[in-house]
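# Just to be clear, the model below is a prediction. Sequence and coordinates:
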Number of protein chains: 2
Amino acid sequence: MDYKIKSRIWIESENNVLLGEGRVQLLKAINETGSLSKAAKSIHISYKKAWGLLDSINKSAKKPVTINSIGGKGGGGAELTDYGKALILAFDDINKNCWKFLDKQLEKIENL
Amino acid sequence: MDYKIKSRIWIESENNVLLGEGRVQLLKAINETGSLSKAAKSIHISYKKAWGLLDSINKSAKKPVTINSIGGKGGGGAELTDYGKALILAFDDINKNCWKFLDKQLEKIENL
DNA sequence: ATTCGTTATATATATACAAACATAACGAAA
DNA sequence: TTTCGTTATGTTTGTATATATATAACGAAT
């Protein structure tokens, strides 16, 4: 019966999206699987979409977020840089703080 | 060169959306024009979409947000209730506070 | 009664986006 | 030099959403 408040946050650089919830989810999956194609499967999006997202992330970021390799042992792979790992931690932290903040603000509407 | 943080917030009641930025924009336009059809035109959405949004708002809200009348002088119209007016003020307030909050949080990413 | 602009609603068309499919390039290892 | 699973990319297909169009119901004013 009560209202709930929800939010989505994202980070841009020069009109390009750097990070959002979906992109962070993808980066986490890359970190766990070591490969972009496996990561895409694990979060149920097409490889093409995953590739586009990762390409956009790396083009928007100040420093590389992943290192991708083609061919070789295992066919290649993708892994997060230290900067990439730090980014997802910071994003999650900000997101959680935002939820807490908004839950408090919601009282303004519930008291109307 | 710097990152920017953006957000969208919305309020739900029992899995139905009550308010979001688009819905608030529509309510403001209704308040200014006194009619749903004029409001739709003024914010460049189809009447059907506007009607669906307003219907959803009134179904989700605890109290009526608008009073709609069919026929009569001028063909009818729609106007906000006091509750509706209070809602859009509260929403805008929360939204602005959220922006300020997030701008501070962004430093966590800029310092990486 | 007729007129008028509105709310309310259904149906068909168009558009944007996601998924599916196909294929080339790659490079270490066998 | 052949194999392998991957990254990288284009093209086609499908689906969900928005738009466009059409029409009925309404009720105060003339």
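Done, it's in. Residues are numbered from 1 along each chain as shown, chains lettered A, B, ... in the order given.

# So for the strand with the most length in chain A, what gets flagged as buried?
Ranked by residue count and defined by DSSP state E, the top strand of chain A is strand A:3-13. The neighbour-count check on strand A:3-13 (16 or more other CB atoms under 10 Å in any protein chain shown) flags A:Tyr3, A:Ile5, A:Ser7, A:Ile9, A:Trp10, A:Ile11, A:Ser13 as buried. Backbone N, C-alpha and C define where each C-beta goes, glycine included.

# Dig out what the third one forms beta bridges with.
In this structure, A:Ser7 has beta-bridge partners B:Ile9, where bridges are defined by DSSP bridges.

# in the helix or strand hosting A:Ile30, what counts as buried?
Using DSSP states H and E, A:Ile30 sits in helix A:21-33. For helix A:21-33, the neighbour count (16+ other CB under 10 Å) marks A:Gly22, A:Arg23, A:Val24, A:Gln25, A:Leu26, A:Leu27, A:Lys28, A:Ala29, A:Ile30, A:Asn31, A:Thr33 as buried.

# So which of the buried residues of strand A:3-13 reach DNA strand D?
Contacts with DNA strand D within those, counted by CB under 7 Å from any atom of the strand: none were found.

# Output those as a markdown table; include the columns distance to DNA strand C and pLDDT.
Below are these laid out as a markdown table (distance: CB to the nearest atom of the strand, whole Å; pLDDT from 0 to 100):
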| residue | distance to DNA strand C | pLDDT |
| --- | --- | --- |
| A:Tyr3 | 23 | 93 |
| A:Ile5 | 24 | 96 |
| A:Ser7 | 19 | 96 |
| A:Ile9 | 18 | 96 |
| A:Trp10 | 14 | 96 |
| A:Ile11 | 18 | 96 |
| A:Ser13 | 20 | 91 |
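
# Which of these sits closest to B:Ala40?
B:Ala40 lies nearest to A:Tyr3 out of the buried residues of strand A:3-13, by CB to CB, at 25.6 Å.

# Tell me who's in contact with that closest one.
A:Leu106, A:Ile109, A:Glu110, B:Ile11, B:Glu12, B:Ser13, B:Leu18 (CB atoms under 8 Å, 6 or more residues apart in numbering or on different chains).

# can you do 10 Å?
A:106, A:109-110, A:112, B:11-14, B:18-19, B:60-62 (CB atoms under 10 Å, 6 or more residues apart in numbering or on different chains).

# Strand B:3-13 and the helix ranked longest in chain A, what's the angle between them?
The single longest helix within chain A, with elements called by DSSP state H, is helix A:82-105. Helix A:82-105 runs at 40 degrees relative to strand B:3-13, counting by axes from the mean of the first three to the mean of the last three CA atoms, to 10 degrees.

# what's in contact with the helix or strand following helix A:82-105?
Where DSSP H and E defines the elements, the next helix or strand beyond helix A:82-105 is helix A:107-110. Helix A:107-110 is touched from outside by A:2-3, A:5, B:11, B:18-19, B:62, B:86-87, B:89-91, B:93-94, B:97, with contacts defined as CB under 10 Å, 6+ apart.

# All good on my end, thank you.
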